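In: Build me a structure from this.
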Amino acid sequence: MGMLFQLRTVAPFHACRSRRSVSVVGFAGFVLLLVLLMLSGSEGLNTEGQLLLSLKSSLHNDFNHLGTLSPSIGGLIHLTHLDVSFNQFSGSIPKAIGNCSMLEVLNLYNNQLEGCIPDELGSLSNLQYLSIYNNKLSGPFPETLGNLSSLEEFVAYTNNLTGPLPRSLGNLKQLRIFRAGQNAISGSLPAEISGCKSLEMLGIAENSLGGEIPKELGMLGNLSDLILWENQLSGVIPKELGNCTDLTILSLYENELVGEIPFEIGNLKFLKNLYLYRNALNGTIPKEIGNLSMATEIDFSENCLTGDIPVELSKIKGLRLLHLFLNQLTGVIPDELCSLVNLTNLDLSINYLTGPIPVGFQYLTELLLFQLFDNSLSGSIPPGLGVYSQLWLVDFSENQLTGQIPHHLCRHSNLILLNLGSNMLNGNIPTGVTNCKSLVQLRLSGNRLTGSLPSDLCKLVNLSTVKLDSNRFSGPIPPEIGDCKTLQRLHLSSNYFMSELPREIGNLSQLVFFNISSNRFTGQIPREIVNCKMLQRLDLSRNSFVDALPYELGSLSQLELLKFSDNKLSGNIPAALGNLSHLIELQMGGNTFSGGIPPELGALSSLQIAMNLSYNNLSGTIPPELGNLNLLEFLLLNNNQLTGVVPDTFGTQSSLLACNVSYNDLFGYLPPIPLFNNMDVSNFIGNKGLCGGPLGDCFVFLYTSSKGVRAPVAKIMEIIATVIGGIYLI
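Out: Numbering: from 1, shown residues only. Below is the predicted model of the structure:
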């Protein structure tokens, strides 16, 4: 029997390549063990051999769904290594496993194990490696974990573990790695953990830890990775962390930390990754940050940091990522940052930075992502930007930049997004941009750019977004626009584009947003536009389009916004518009539409923002069906030729904020709706026969029919006159 336990590893179920091969290997391992057991003695199988047979018989080999771990495993008192990872074991961890007193390695990860971590695990005084990650374990950590005096690695991430961390963890003097991220651990981080003098990695990210980071962590002289992101930690970053001079990763982002970044952080000479973003840190960035000579990534974004960007950052020659966006930083961008030749990702957006963009940035050969948007930067964009660097993303929008767009931004054909919107740039779109094969989004709105819409843009096979609105572009939209097969968003509003809208616009089958408002387009709206079946927002307002609307517009079932206001459109409003069940806003005012308001518009159940039919030549009565628009906030029917009464059905529209029916030929008594009573009289004037509400009392009693439609005033007066005449004759 002394020879038997030289083979001490039981790892028959480890998944390496495929589920089917794993099953064969697993049972082959059992067969080997059983053969050894039978050869080891002449009196048959010993007790542990019988237990192995029992354990084997309890397993089900259906595509590696092996059932539960049998409590009989506790009889393997000489077992040192147990690896059943990458299987589909379910059920709980058997308490009897605490009897395997010689166990050194226990790998239960990547299964479907449930229930609590048994207290009995604390009896395994020889256990060095415990891996239970990627299961469904729940409940608190047992206090008995502190009895695992030989434990070096504890890995329990991606479970459903709850409760606080046991203070007894501080007893684990040999512990090097503790990882328990992606659980629901609460409470505070126990100061006793400072007793783990050998600790190198502490990872408890994506939990619900609260309270302050204990200053006692500064006593962990061997700590290399401190990973506590996405918790609810509060208070300040303890300056004592500066004593953890072996730290290479400090990740505290997405917490509720306040106060200043301690200058002692500059003592961490081996730190490579420093992530403090999405907290509430304030004060200035300490100059000592420049002492982090080994750092490659620094992210202080989404805090409340103030003051200048320290020039000392330029000392970190290996820095590849610098994120300081969404703070309250002031001053200029230091020229010294241009010496960071390894920089790939620079984001200083959403601050209060002023002055020019340093020209030296154009020489950074590794720069890929360059974002400075929403500052107060001035001057011109470095003209050589893109010559030396293979830029992927450039966003300088919402600044005060002047001059022209550099020609070489896409020299290496890697640029995906170019956003220079909301500046004061002038000139044309350079050919270096219009020929950029990799470009997906082009955003140049809100500048002073001139020229025509480049037809070459439609050769860019990846282009999905073009925003050129609020510039000074002119000329027609070229028919080549139909070649932009991948285009989803086309915003050309507030320019000087003219001529007719090309029929080829109907080829844009992926188009979702199309806005050409406030231009000088003429002619008819091309019927082919109804082929853009993905359209959600269509805005053709404030142009000079003429004639009738295509009735097929009602087939654009995804439409949420439809604007035709302030054109020269005529004819009837298509009843098919009532099919637009997703429509939120309908703007058709300021045209010469005639005929009646289609009752079908009352079926626009999603209409919320507004229905504007004002300033047209509409006639007939107001359809009672409009009272079905229960979400509608603004109804504008003024300045038409509508007749009849205001329907009672408006009384059911609880969301209505304003209703303007002025300057029509309406008559009768306004329905006694609180909204009408509280509205200004200007919403009703210009209707000679209308009375009630803010217009004042009527001089005659108005009869209401059983159907809720009031009889015309003239007819009532005729009836009254007839009755009086009859009495006189009597």
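In: Now do residue 697: how many residues are near it, please.
Out: Residues contacting residue 697 under the criterion other CB atoms under 10 Å number 9. The C-beta positions use only the backbone N, C-alpha and C, and glycine is treated the same way.
In: so how far is residue 646 from it?
Out: Distance of residue 697 to residue 646, given as CB to CB, to the nearest Å: 16 Å.
In: cool, residue 515 as well?
Out: Separation of residue 515 from residue 646 (CB to CB): 34 Å.
In: ok, now residue 476?
Out: Using CB to CB, residue 476 is found at 45 Å from residue 646.
In: which of those two has more neighbours?
Out: Ranked by neighbour count (other CB under 10 Å), residue 476 and residue 646 place residue 646 first, with 28 against 15.
In: That one: which element?
Out: For residue 646, there is no enclosing helix or strand under DSSP states H and E.
In: what does residue 322 give?
Out: Using DSSP H and E, residue 322 maps to strand 321-323.
In: and the helix or strand following that strand, which strands flank it?
Out: Using DSSP H and E, the helix or strand that directly follows strand 321-323 along the chain is strand 328-329. Counting by DSSP bridges, the strands paired with strand 328-329 are strand 304-307 (parallel).
In: any idea how far the strand it pairs with is from the chain center?
Out: Its chain's C-alpha centre and that of strand 304-307 lie 26 Å apart, by CA atoms, centre = their mean, to the nearest Å.
In: neighbours of the closest residue to residue 304 other than its chain neighbours, just the number please.
Out: Distance criterion CB to CB, 6 or more residues apart in numbering; nearest residue to residue 304, sequence neighbours excluded, is residue 282 at 4.5 Å. Residue 282 has 15 neighbours, counted by other CB under 10 Å.
In: just residue 106 next, same as before
Out: Counted with other CB under 10 Å, residue 106 comes out at 23.
In: what does residue 262 give?
Out: Residues near residue 262, counting by other CB under 10 Å, number 18.
In: From residue 487, how far out is the closest residue to it other than its chain neighbours?
Out: Distances taken as CB to CB, 6+ apart place residue 239 nearest to residue 262, at 4.0 Å, with adjacent residues excluded. Between residue 239 and residue 487 the computed distance is 54 Å (CB to CB).
In: Neighbour count for those two, which is higher?
Out: Neighbour count, other CB under 10 Å: between residue 239 and residue 487, residue 487 has more, with 25 against 16.
In: That one reaches residue 464, doesn't it?
Out: Yes - counting by CB atoms under 8 Å, residue 487 does reach residue 464; the two are 6.4 Å apart.
In: what's the overlap in contacts for the two?
Out: residue 510 (CB atoms under 8 Å, 6 or more residues apart in numbering).
In: residues contacting residue 687?
Out: 661-667.
In: rerun at 7 Å
Out: Contact analysis of residue 687 by CB atoms under 7 Å, 6 or more residues apart in numbering lists 664-667.
In: average pLDDT for the strand holding residue 322?
Out: Averaged over strand 321-323, pLDDT sits at 99.
In: Just the residues contacting that strand, thanks.
Out: Residues outside strand 321-323 that contact it (CB under 7 Å, 6+ apart) are 277, 297-301, 313, 343-347.
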